[in-house]
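>>> okay, structure incoming, though there's no sequence with it:
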């Protein structure tokens, strides 16, 4: 029987995958349940690591990365990111915040590893900081933080250039609808240059935890958001109404431009059952995981649910098929 990935003494939430020839690697945010208040998990976070040969049976390796022990721009939190391999080296891109700024200003950082278990911070500061030409700086009273997080790094199969897509907000428009997919480019994963956003605002206050995947001849960018962050105007016309969960953008190329997926919200409800969905490929099939956020009474759960078969067709758009109990 397939079980959720869970830890007895820790809440688990946002996560991402890496792949080696013999295993899938799961990297996840976690914090101790002894905090009692799950809202405090964000400020007591570490990154954990688990591995599996089949996406069903997981071996947990414990914490592998944590906030900087010395005063630094990432000494408060190490949040959601992604991992990419290049020239025999693994690169972890993650979100960091500092205690000196009360965790309100997010930046994107890089660490490297040769084995996915031991990580070394790269450089002496952020890999990518906010560019005010296009993106909103922290403005207390306008929005609750500086959105510059959740980096998804990939290589363009056509050009070979690296692209980073991340959670950001533009500087103009109604505050409830400024959420966009931020964009940056690099030739070497070291030097990054911010670019204008590659999605249009007007829908959500933020689009969290993006991930770009290819399904047949189309490109899909998963992201998550909450019902309370539906833009005021979009809330009036959103198919199925405002919900919490994971939705998607579609595009004809991996770098967009991205347009909102058609039809109802992909994986969402008012209960906030699942959040921060991710896709992963195994033996040519695409599977979906998300962390279990809330039960029917609104209590936080903090486990990872999946895999589900993920599919796309013109009639239903992106959708989930059966939950998988065994993989052949």
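Alright, I've got the coordinates. Not measured: the values here are computed from a predicted model.
>>> any idea which helix or strand carries the residue nearest to the spatial centre of the chain?
Nearest to the mean C-alpha position of the chain, counting by C-alpha atoms, centre = their mean, stands residue 209 at 2.3 Å. Assigned by DSSP states H and E, residue 209 belongs to strand 208-215.
>>> what packs against that strand?
Packed against strand 208-215, as judged by 3 or more C-beta pairs under 8 Å, 6 or more residues apart in numbering; DSSP states H and E, are the following elements: strand 77-86, strand 148-155, strand 162-169, strand 218-225, strand 274-282. All C-beta spots, glycine's among them, are computed from the backbone N, C-alpha and C.
>>> hmm, who's touching the fourth one?
Okay, so that is strand 218-225. Residues from elsewhere that reach strand 218-225 (C-beta atoms under 8 Å, 6 or more residues apart in numbering): 165, 167, 179, 181, 199, 204-214, 244-254, 256, 258, 261, 266, 275-279, 312, 318.
>>> note down every partner strand of that strand and its orientation.
Using DSSP bridges, strand 218-225 pairs in its sheet with strand 208-215 (antiparallel), strand 244-251 (antiparallel).
>>> same deal with the first one?
With DSSP bridges as the test, strand 77-86 is paired with strand 89-97 (antiparallel).
>>> which parts of the strand it pairs with are buried?
Along strand 89-97, the positions that meet the burial threshold by neighbour count (16 or more other C-beta atoms under 10 Å) are 90-97.
>>> now these as TSV including pLDDT and distance to residue 108?
Rendered in TSV, the data for the buried residues of strand 89-97 read as follows (pLDDT from 0 to 100; distance: C-beta to C-beta, whole Å):
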residue	pLDDT	distance to residue 108
90	98	17
91	98	12
92	98	11
93	98	6
94	99	7
95	98	6
96	98	8
97	98	11
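>>> between those, which is nearest residue 117?
Using C-beta to C-beta, residue 90 is the member of the buried residues of strand 89-97 that sits closest to residue 117, with 9.9 Å.
>>> which residues sit in contact with the closest one?
Residues in contact with residue 90 (C-beta under 8 Å, 6+ apart) are 18, 83-84, 112-116.
>>> which two from those end up farthest apart in space?
Taking C-beta to C-beta as the measure, the contacts of residue 90 span a maximum distance of 15.3 Å, between 84 and 115.
>>> so where's the stretch 101-250 of the chain shaky on pLDDT?
When residues are selected by pLDDT under 70, none of them lie in the stretch 101-250 of the chain.
>>> thank you, goodbye.
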